[in-house]
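Chemist: after the sequence you'll find the predicted model.
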Amino acid sequence: MSKQIQIFDTTLRDGEQVPGCQLTTKEKVAIARELEALGVDVIEAGFPISSPGDFQSVVEVSKVLKETVVCALTRAKKEDIDCAAEALRYANRGRIHTGIGSSDVHIKNKFFSSREQVLEQGVWAVAYAKEKGHEVEFYAEDAGRADLAFLAEMIEAVIAAGADVVNIPDTTGYCLPDAFGKRIQYLTEHVSNIHNAVISIHCHNDLGMATANTISGLCHGARQAEVTINGIGERAGNTSLEEVAMILDTHSNLNCHTNIKPEKIYAISKLVSGMMRMPVQPNKAIVGSNAFAHSSGIHQDGFLKHAENYEIINPAKVGVPSSSIVLTARSGRAALKHRTALLGYQFDGEELNLLYENFLTIADQKKIIADEDLMMLVGLMPALVRS
Ligand code: KIV
Ligand code: ZN
């Protein structure tokens, strides 16, 4: 059975919480427009009560989005919910994202409260938010470490109070993929009114498992994934949008579909990284500068024979201009021949052997051989055959 997965992007809220990544309202609006063009279903535009700037950003993002739902975060407090509802007043479709801690760690050490009290406050917050006329999403903070029976009780109660979406966050990135998936499955089996709400998942990357946990959650009944561009977010970050989108696209047997237009992924990754002044690590899946770069001789030779030998995604599919063959001391003749051919020179046989010998001498001294270095090497060759 085909499953339609809603993509909820929180780059402008959880992503923007990263130290030094704060955005102006103008920048948030520019990114929100591109997220809508990318095909995300929900954009969490901010936490309106946190600052006048964030309030204004939610207002301005609400004005420009046409189809996409605009979401505003709140705590389970009256003043937060009033403020969020006010910030969403221009939204075509607005959503209030309210919630409270669900694990005993949070209940005892953050709220100094009891399970009964947080459950009551959560239910009250959902019912109050519902009166504002927007969609309501409830987050059970730290659900990854919550007692499962209590979590199920809380989720059942907030759905009964009117929650349209129930968010099960692995706030601390604690869960193992299999266990997280089973948590979602448990809720589908033990919450009697679960069919009245969409299950969302929001995973953090503290142990490097955010994407794996998200996929596991989707395989066990969740229908909304909360993600950010480039995986930015609190501490080690959130699940990355591009990874989830391309896993679902690559593994079509999972039968999970999104509205994401993959060809727009690389451009928005660059936009977010530039505006937030947050470089993308070179080895980042899908959007890192090395994601489609081949540097060892064995890989380069195999890639040049047939790209699928070493690439499971065509870079053009995600908007990356091309794959690259990087020349280093680990490269072989096939790569050298390929790169010199791109510069207009054809080397074979003994000529290629000689060029390769000279190349290795320089490559052992320099980390990467650029086109200028290649031109110099070509210039040293006794006889040249132009292609
Ligand atoms: O990580 C988290 O639990 C959150 C909630 C506010 C959804 O960001
Ligand atoms: Zn979060």
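Modeler: On my side now, so go ahead. Ligands and ions are numbered 1, 2, ... in the order given.

Chemist: please name the nearest non-neighbouring residue to the residue nearest the centre of the chain.
Modeler: Nearest residue to the geometric centre of the chain (Cα atoms, centre = their mean): Ser240, 1.8 Å. The shortest distance from Ser240 to any non-neighbouring residue, by Cβ to Cβ, 6 or more residues apart in numbering, is to Gly231 (3.2 Å). No exception for glycine: its C-beta is placed from N, CA and C like everyone else's.

Chemist: what separation do you get for Thr172 and Ser103?
Modeler: Thr172 sits 9 Å away from Ser103, taking Cβ to Cβ, to the nearest Å as the criterion.

Chemist: what do these two both touch?
Modeler: Asp142, Gly144, Arg145 (Cβ atoms under 8 Å, 6 or more residues apart in numbering).

Chemist: are any of those buried, and which?
Modeler: Asp142, Gly144, Arg145 (16 or more other Cβ atoms under 10 Å).

Chemist: my read is the second one is in a strand, agree?
Modeler: Read that as Gly144. No - using DSSP: H, G, I helix; E, B strand; the rest coil, the secondary structure at Gly144 is helix, not a strand.

Chemist: contacting residues for it?
Modeler: Gly144 touches Ser103, Ile168, Pro169, Asp170, Thr171, Thr172, Gly173, Tyr174, Cys175, Phe180, Arg183, Cys203, counting by Cβ under 8 Å, 6+ apart.

Chemist: just the element for the residue nearest to the third one when sequence neighbours are not counted, please.
Modeler: Translated: Pro169. Among residues not flanking Pro169 along the chain, His202 sits closest, at 3.9 Å (Cβ to Cβ, 6+ apart). Assigned by DSSP states H and E, His202 belongs to strand 198-203.

Chemist: and what of Val118?
Modeler: helix 115-130.

Chemist: partner strands of the helix or strand that comes right after that helix, parallel or antiparallel?
Modeler: The helix or strand immediately downstream of helix 115-130 is strand 135-141, counting by DSSP H and E. With DSSP bridges as the criterion, the sheet partners recorded for strand 135-141 are strand 94-101 (parallel), strand 165-170 (parallel).

Chemist: what's in contact with the helix or strand following strand 135-141?
Modeler: On the C-terminal side of strand 135-141, the closest following helix or strand by DSSP H and E is helix 148-160. Under the criterion Cβ under 8 Å, 6+ apart, residues 102, 115, 118-119, 122-123, 126, 138, 140, 143, 146, 166, 168, 183, 186-187, 190-194, 196-197 lie in contact with helix 148-160.

Chemist: filter those residues down to the buried ones, PyMOL style.
Modeler: A single PyMOL command selects the buried members of the contacts of helix 148-160 (16+ other Cβ under 10 Å):
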select buried, resi 102+115+118+119+122+123+126+138+140+143+146+166+168+183+186+187+191+194+197
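
Chemist: with only the CA atoms kept, save stretch 204-221 in PDB.
Modeler: The C-alpha coordinates for stretch 204-221 follow below in PDB (Å, rounded to 0.1, in the frame of the first residue of the first chain):
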ATOM      1  CA  HIS A 204      17.900  14.300  17.000                       C
ATOM      2  CA  ASN A 205      21.300  13.200  16.000                       C
ATOM      3  CA  ASP A 206      23.200  12.900  19.300                       C
ATOM      4  CA  LEU A 207      24.300   9.300  18.500                       C
ATOM      5  CA  GLY A 208      24.200   9.800  14.700                       C
ATOM      6  CA  MET A 209      21.000   7.800  14.400                       C
ATOM      7  CA  ALA A 210      18.400  10.600  13.600                       C
ATOM      8  CA  THR A 211      17.900   9.500  10.000                       C
ATOM      9  CA  ALA A 212      17.800   5.800  10.800                       C
ATOM     10  CA  ASN A 213      15.300   6.400  13.600                       C
ATOM     11  CA  THR A 214      13.100   8.500  11.300                       C
ATOM     12  CA  ILE A 215      13.000   5.800   8.600                       C
ATOM     13  CA  SER A 216      12.300   3.200  11.200                       C
ATOM     14  CA  GLY A 217       9.400   5.400  12.600                       C
ATOM     15  CA  LEU A 218       8.000   5.800   9.100                       C
ATOM     16  CA  CYS A 219       8.200   2.000   8.600                       C
ATOM     17  CA  HIS A 220       6.200   1.500  11.800                       C
ATOM     18  CA  GLY A 221       3.300   3.800  11.300                       C
END
